[in-house]
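J.: Provided below are the primary sequence and the corresponding predicted coordinates.
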Amino acid sequence: MSSPRFTNVVWPLFRVVIGLLFTCHGLASLFGVLGGKGGTGESIPVGTWPGWYAALIQLVCGLLVMIGLVTRPAAILASGSMAYAYFVVHQQNGLMPIENGGVTPALYAWTFLLIATVGAGAWSLDGLISSRRGPAATPARTPEKVAEPA
């Protein structure tokens, strides 16, 4: 049984937690905090392809998803980067995610695809911005002229 009462609370919390976790991956890789890249305490050298750029995507898109700002585009970019990580980095080590170490990128790719599909939900800057804009303006329709009988 689905209840909007719970969905309106759980979905924003889900989005915030996923964004936070993704941001932590970016922070660890870019700045060597939170254990650093792969638990080494090290950061990825600036400009290293593809790791440094992936970490930058993780940091920026994670923050955007977490606060709910341009959520759909950020989630699409995050999903694509994780799909790339899975297929380019992990799948060469085996077919299934459990054997190739790609469980985390696979889960992130599908999770961000879901977020991009559903949107930010409540408690987001996207929602705040759209509520302040008000309803979308629709162009005024002019009545069509009816041909008069001859």
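T.: Ah, there it is.

J.: contacting residues for residue 104?
T.: The contact partners of residue 104, by Cβ atoms under 8 Å, 6 or more residues apart in numbering, come to none. Where you see a C-beta, it was placed from the backbone N, CA and C, and this is true even at glycine.

J.: just the mean pLDDT for the helix or strand harbouring it, thanks.
T.: When elements are defined using DSSP states H and E, residue 104 is found to belong to helix 103-118. Per-residue pLDDT values over helix 103-118 give a mean of 97.

J.: what about that helix, distance to the chain center?
T.: 8 Å (Cα atoms, centre = their mean, to the nearest Å).

J.: tally of neighbours for the closest residue to residue 67 other than its chain neighbours?
T.: Across the structure, with Cβ to Cβ, 6 or more residues apart in numbering as the measure, the residue nearest residue 67 apart from its sequence neighbours is residue 125 (5.5 Å). Residue 125: 14 surrounding residues under other Cβ atoms under 10 Å.

J.: could you pick out the longest helix of the chain?
T.: Counting residues, the longest helix found in the chain (DSSP state H) is helix 4-31.

J.: quick one: distance of that helix to the chain centre.
T.: The mean C-alpha position of helix 4-31 is separated from the chain mean by 9 Å, Cα atoms, centre = their mean.
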